[in-house]
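Need a 3D model of the sequence below.
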Amino acid sequence: MRRNGLWHEPDFLKLWSGQAVSHMGSTITDVGLPLTAVLMLGASPFQMGLLSGAGAAVILVFGLFAGAWADRLRRRPILIFADLARAAVLGTVPLAAAFHRLSMGHLYLVAAASSLLTVLFEVSYQAYLPSLVDRENLVECNGKLALAASIAEVGGPGLTGVLVGWITAPRAILFDAVSFLISAVSIGLIRKPEPQPERSAQPHMGREIAEGLRASWREPILRALAQRTATGSFFLGFGGALYMIFAIRQLGLSPALLGTIISVGGTSSLAGAFAAPRLVRRFGFGPTFIGAAVVTGITMLAPTLARGPVAVCAAILGVAQLFDMAWPVYFINELSLRQAVTPNHLLGRVNSAMHLLFRGILPVGSLAGGMIAQTIGIRQTMFLGAVGYLLSTLWLVFSPVRKLRELPEASPIAEML
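As a prediction, the model looks like this:
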């Protein structure tokens, strides 16, 4: 398979093409849903906060249950169900708008339901891949799928702007609903059989979730990933909350110039997704993974050093965005390592635990960063966040990850539970 690669595998191409379309559609909704609230319903800042928080709250409450279901059932039917359900949920927005029945309450429900279905899809999708491709092809597989997501990040916002201006925001969301239908069909066409999940003699949701959490902690590599995810996402929240304000208010960049700089990062992420498998083959898994983690920390640190004329500050931020290619390299390898180490019957629950660590702690970091910035200043807080994020790499350095040359075999986690 190495000689021809995954582009010559029909079942992988079906999955990839469906995801490429649905990723592009999702970028439309990411922009189109808040635009619908602002342009059509005149939403207040508080209502916009509720709209943003509705999806995050659902993930925090129900995220671990999604992982348990992904381990109880075959994953491919879950993926098809999640796609069809997301298409139905999003399709209600243009329908309600056409009959002048659209309300903020409706949008809250759409945001919450689509977020719940997305987390169900993601944890099942990440658990499904090892049954679709061989273990030695996981990095290549995740890299090609990340490439599709990166393309959507680059082209999606511009396409959304055109669609919103042409047919209004609610109707633009209809394109996302159709994209999920296309994804469901593409996954349904996959022919490779999926093994039946291992069934517990006495199913118990709480006990199954606890098993996933224990597995994430007791296996050394998974524990290092969990520790890195928890501390890294906390400090990542500092920059996420303050970057825009810092660039515009303190460095004097215009919104247009800042948008151009950010687009550089989107383009460089394409290169990172493309290069990830080659870097692993050239330098080995552990050095590539840890090296990418270090570079992402440096990209957070660089903007805090920007001073002087606007042109100089823009150049520093632009160079930092160029190295954003390290982000997909890191995430591709992190996901591949998690998939390789975790036994199949636990993979859904371990995925949901990691997902919850990231999504749950990131907003806490954003809140903490905003509070600290009021005391010591924005630049100083961003610097603190960047240093903390960079130091979180030590969880990986002082773990078995450092010595890995290639993806390891699944660990005997069952003996640890």
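
For residue 191, which three-state class applies?
coil (DSSP: H, G, I helix; E, B strand; the rest coil).

ok, now which ones touch it?
Taking C-beta atoms under 8 Å, 6 or more residues apart in numbering, we find residue 191 in contact with 10-11. Backbone N, C-alpha and C define where each C-beta goes, glycine included.

quick one, phi/psi of it?
With angles defined as degrees, to the nearest 10, residue 191 sits at phi -100, psi -20.

again with the one 3 residues further on
Main-chain dihedrals, residue 194, degrees, to the nearest 10: phi -100, psi 130.

average pLDDT across the helix or strand containing residue 141?
In the assignment (DSSP states H and E), residue 141 maps to helix 138-167. Taken as a whole, helix 138-167 has a mean pLDDT of 83.

Likewise for stretch 206-225?
What stretch 206-225 shows for mean pLDDT is 90.

Now it: buried residues?
Neighbour-count burial for stretch 206-225, counted by 16 or more other C-beta atoms under 10 Å, picks out 208-209, 211-216, 219, 221-222, 224-225.

In helices, which of those residues appear?
Those of those mapping onto helices are 208-209, 211-216, 221-222, 224-225, per DSSP state H.

before we move on, the earlier item: return the member of the buried residues of stretch 206-225 nearest to residue 400.
Nearest to residue 400, judged by C-beta to C-beta, of the buried residues of stretch 206-225 is residue 221 at 5.6 Å.

hang on, the closest one packs against residue 399?
Yes: with contact taken as C-beta atoms under 8 Å, residue 221 and residue 399 are classed as touching, separated by 6.6 Å.

What is the burial count for residue 134?
Using other C-beta atoms under 10 Å, residue 134 has 12 neighbouring residues.

Identify each buried residue in the helix holding residue 141, please.
For helix 138-167, the neighbour count (16+ other C-beta under 10 Å) marks 138-154, 156-157, 159-160, 163-164 as buried.

same for the following helix or strand past that helix, what does it pack against?
Using DSSP H and E, the helix or strand that follows helix 138-167 towards the C-terminus is helix 169-188. For helix 169-188, the packing partners by 3 or more C-beta pairs under 8 Å, 6 or more residues apart in numbering; DSSP states H and E come out as helix 10-35, helix 75-98, helix 138-167.

Residue 19: which of the buried residues of stretch 206-225 is nearest?
residue 225 (23.3 Å).

Can you tell me how far the closest one is from residue 366?
As judged by C-beta to C-beta, to the nearest Å, residue 225 and residue 366 stand 22 Å apart.

Residue 105 now?
26 Å.

next one: residue 13
Distance from residue 13 to residue 366, by C-beta to C-beta: 38 Å.

neighbour count winner among those two?
Legend: neighbour count by other C-beta under 10 Å for residue 13 and residue 366, higher for residue 366 (20 against 15).

relative to helix 75-98, how tilted is whichever strand or helix holds the more buried one?
Element membership for residue 366 (DSSP H and E) is helix 347-376. Angular relation of helix 347-376 and helix 75-98 on a 0 to 180 degree scale: 50 degrees, by axes from the mean of the first three to the mean of the last three C-alpha atoms, to 10 degrees.

Tell me the buried residues in helix 347-376?
Neighbour-count burial for helix 347-376 flags 347-357, 359, 361-363, 365-366, 368-370, 372-373 (criterion: 16+ other C-beta under 10 Å).
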